[in-house]
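A.B. asks: 3D model of this:
(one chain, ligands or ions: 1)
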Amino acid sequence: MSQARIGLVGLGVMGANLSLNIAENGFPIAVYNRTTSITDDFIASAGDLASNVVGTKSYEELVASLTTPRAIIILVKAGGPVDAVIESLTPLLDEGDMIIDAGNANFHDTRRREAALSEKGLKFFGMGVSGGEEGARHGPSIMVGGDASSYEVIRDIVEAISAKHGDTPCAAHFGPDGAGHFVKTVHNGIEYADMQMIAEVYGLLRDGAGHAPAEIGALFEQWNKGTLESYLVEITAKVLQESDPKTGQPMVDVIVDKAGQKGTGRWTAIEAITLGQSPSTIEAAVAARSWSSEKETRLAGEALFAETPAEAAPIPPVEDLEAALLAAKIIAYDQGFKLLAAASEAYEWNTDLAVAAEVWREGCIIRSALLDDMASAIREGLPHGQLLFAPRFADLVKTGVRALRRVVSYAAITGLPIPAFANALAYFDTLRQGRGTTDLVQAQRDFFGAHGFERTDGGAGHHGPWGGTTAHSAAQL
Ligand code: 6PG
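C.D. replies: Numbering: from 1, shown residues only. The predicted model follows:
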């Protein structure tokens, strides 16, 4: 085989599948893994595709196998291992060569690496890849950040291996340095919110209505034929209808209710707060996972507060649950896109939100029928930057929120926690309250700290006559 068009370091599940995808699309690829036997096994099991793959046993050999400018994908564990690979590769590369981190990375690390490598004349890319093992093998959604002109060197490969929506590749360049990894981070934040809200519906039907998992799964299967059609609803339907081969019980019933998290949801929430945003559905989803791991505390709380009265109430009809899930989902996306816009502005990425929605239409974990409409709404222009204000979504949400209110009220009365739904509703109500309550917060700040406030009749920097206020008794209220 002549020189390979692209290299890849790290033949774990994602790296191996992405390599096969690249080879299958006709691009010769050179691969390297620290443990040589893994490389050998990979080539041995690549079948016909092995003719497009060259296994290498050292970084030197990897670098020597590539056409120039060289492009090398890294798919190793986030953090230190990525830095270690970069450190090994850097001295072997020439000006204009590219290193592409295709793992989930904190975009601050990506920015740091990009800046450090650019001083050496090298190009560093943060490339978010979504879709799990199956996506990596047959077409993931790909979110790229890095130098725009160097991206052209690998663009044909990236687009060829990505999922397609019709003929459109679900892959795009979103801006310099950390933009691609940030888009992937927000994707994951939305993924967290989406999963949590689906789990909350499951909880209401399980604990409020006493339905068996398979019944709830059948309902999700039904919903997946409507506006809620999405990968996550589809797999939820399957998961809930699965039985444990060992006990015959519903599979979910033998799974401990502690959810793991590798960090991307948390990064989304942290960055949002830093940027003055409040993606409250994502925050709720991250918090729910954190609480889930405190199983002992929750069991103690259950015993301690068992007697705390929660009233009985009839669960809202399933049509309400479906409409509430749709409304809350749109609210979560509104929050995600708003965060993306804020980051793009802060870091001067010029990220196209409509393209993000388009890239998420296929291949990734949050793919859904709604994303096509979202992309169109964004292209038409979002009033005040809010997806919720776009006419097609405003109408959907107006109806859905009525159901969301009934669902959140039911959960509050009966004592079932649905934090993502409740936060979605609070966010919506905050957005539709022209006069909020922070006039009082401003007064309090001025009272204790002379921070000043803006008057409704004009002018900033005013102070209140706090010393001379007349005391009103509570009874007068
Ligand atoms: C994807 C997924 C993928 C992975 C998450 C899981 O887009 O393909 O998001 O990146 O499944 O990292 O994240 P948690 O372990 O945090 O749930």
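A.B. asks: Show the contacting residues for the residue nearest to Arg367 when sequence neighbours are not counted.
C.D. replies: In space, and not counting its chain neighbours, Arg367 is closest to Tyr231: 4.9 Å by C-beta to C-beta, 6 or more residues apart in numbering. The C-beta positions use only the backbone N, C-alpha and C, and glycine is treated the same way. Residues near Tyr231 by C-beta atoms under 8 Å, 6 or more residues apart in numbering: Cys364, Ile365, Ile366, Arg367, Ser368.
A.B. asks: number of nearby residues for the last one?
C.D. replies: Spelled out, that is Ser368. 23 (other C-beta atoms under 10 Å).
A.B. asks: beta partners of it?
C.D. replies: With DSSP bridges as the criterion, Ser368 is bridged to Ser230.
A.B. asks: which ones are touching it?
C.D. replies: Contacts of Ser368 by C-beta under 8 Å, 6+ apart are Leu228, Glu229, Ser230, Tyr231, Leu232, Val233.
A.B. asks: what pLDDT does the last one get?
C.D. replies: By that I understand Val233. Note for Val233: predicted pLDDT of 98.
A.B. asks: where does it land in three-state SS?
C.D. replies: Using DSSP: H, G, I helix; E, B strand; the rest coil, the structure places Val233 in helix.
A.B. asks: Give me the neighbour count for it.
C.D. replies: Val233, neighbours per other C-beta under 10 Å, totals 23.
A.B. asks: Please give the number of neighbouring residues around the residue nearest to it when sequence neighbours are not counted.
C.D. replies: The shortest distance from Val233 to any non-neighbouring residue, by C-beta to C-beta, 6+ apart, is to Asn224 (4.7 Å). Other residues within reach of Asn224, judged by other C-beta under 10 Å, total 20.
A.B. asks: And Asn224, how far from the ligand?
C.D. replies: Computed as C-beta to the nearest ligand atom, to the nearest Å, the Asn224 to the ligand distance reads 19 Å.
A.B. asks: Now do the contacts for that residue.
C.D. replies: Listed by C-beta under 8 Å, 6+ apart, the contact partners of Asn224 are Ser230, Val233, Glu234, Ala237.
A.B. asks: Touching, Ser65 and Gly7? I think so.
C.D. replies: Yes. Shown here, Ser65 and Gly7 form a contact pair, counting by C-beta atoms under 8 Å, at 7.0 Å.
A.B. asks: interface residues of the protein facing the ligand?
C.D. replies: 104, 130-132, 188, 191, 260-262, 264-265, 364-365 (C-beta under 6 Å from any ligand atom).
A.B. asks: In helices only, show me those residues.
C.D. replies: Cross-referencing the residues of the chain next to the ligand against helices under DSSP state H gives Gly132, Asn188, Glu191, Thr264, Gly265.
A.B. asks: Name the residues of the helix or strand hosting Glu215 that come out as buried.
C.D. replies: Under the criterion of DSSP states H and E, Glu215 resides in helix 213-223. Neighbour-count burial for helix 213-223 flags Pro213, Ile216, Gly217, Leu219, Phe220, Glu221, Trp223 (criterion: 16 or more other C-beta atoms under 10 Å).
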